[in-house]
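>>> task: produce atomic coordinates for the following.
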Amino acid sequence: MSAPDLAAIGHRLRAEGLAILGGFHPEPGEPDLPPGSATLLLLGPHEPGFWARFTAGAEWRDGRPDPLDRWSRRVIGRIACDLGAKALFPFTGPPWLPFLSWAQRSGRAWPSPVRLLVHDRAGLMVSFRGALALKERLDLPPPPAAPPCATCAGQPCRSACPAGALTDAGYDVPACHAFLDTPAGAGCMGLGCAVRRACPVSQAYGRLPEQSAYHMRRFHP
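Now for the predicted structure:
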């Protein structure tokens, strides 16, 4: 893949279980990006199908720590090399790269009613495995005119947290962890955060419960 083209990049990413979840054109000389970066593409799981692709990889089966981060480094790093781009990751730090700010700059992610980031396609299940910083300025599709929350009937995320820890007032992390230590927290541990699952956009995203359970175990060992 010698000549970067957005459609071709998207096709290559989908073959690896990944998708372009947003992008933007950086300003010259931005401190968090490699010099000469003209396009930044944010990458995350392509659903349905990401979890099967990842768990078929050596990183999942070798028993070593941080399999998902190592898989992301290998797969995204190889694609970046093929494109003459630079691979960037949200898990290398400190200092941590501003992936959440980048997501909002893409115009495809916004603060939700419960303050978590909501994505136009992934909903509250949005996650980023990395980014590609390209020297070429690629044509990007226009972002949605408004967040999905603007037309979401009832906004069920506001009242979905069984612990009352995640609301429009913010995120009470200690209360969340305390709830997950109780028998009542088994649903969130096994299926994923109830608030994220309540989002109608998340429900259409195709993320598997075992994938969410893995992330919950990382969040609450």
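>>> quick check: longest helix of the protein.
What stands out as the longest helix in the chain, according to DSSP state H, is helix 67-83.
>>> C-alpha coordinates for that one, PDB please?
Only the C-alpha atoms of helix 67-83 are listed here, as PDB (Å, rounded to 0.1, in the frame of the first residue of the first chain):
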ATOM      1  CA  PRO A  67      -2.200  -8.900  25.000                       C
ATOM      2  CA  LEU A  68      -4.500  -6.300  23.500                       C
ATOM      3  CA  ASP A  69      -2.000  -3.500  23.700                       C
ATOM      4  CA  ARG A  70       0.700  -5.800  22.200                       C
ATOM      5  CA  TRP A  71      -1.600  -6.900  19.400                       C
ATOM      6  CA  SER A  72      -2.400  -3.200  18.700                       C
ATOM      7  CA  ARG A  73       1.300  -2.300  18.500                       C
ATOM      8  CA  ARG A  74       2.000  -5.200  16.100                       C
ATOM      9  CA  VAL A  75      -1.000  -4.800  13.800                       C
ATOM     10  CA  ILE A  76      -1.200  -1.000  13.700                       C
ATOM     11  CA  GLY A  77       2.500  -0.600  13.600                       C
ATOM     12  CA  ARG A  78       2.800  -2.800  10.500                       C
ATOM     13  CA  ILE A  79       0.100  -0.900   8.700                       C
ATOM     14  CA  ALA A  80       1.800   2.400   9.600                       C
ATOM     15  CA  CYS A  81       5.100   1.100   8.200                       C
ATOM     16  CA  ASP A  82       3.400   0.100   5.000                       C
ATOM     17  CA  LEU A  83       1.900   3.600   4.600                       C
END
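>>> now do the buried residues in that helix.
67, 68, 69, 70, 71, 72, 73, 75, 76, 79, 80, 83 (16 or more other CB atoms under 10 Å). Where you see a C-beta, it was placed from the backbone N, CA and C, and this is true even at glycine.
>>> contact partners of the helix or strand just after that helix?
Per DSSP states H and E, the first helix or strand lying C-terminal to helix 67-83 is strand 86-88. Strand 86-88 has contacts (CB atoms under 8 Å, 6 or more residues apart in numbering) with 33-34, 37, 40, 73, 76-77, 79-80, 97, 130-133.
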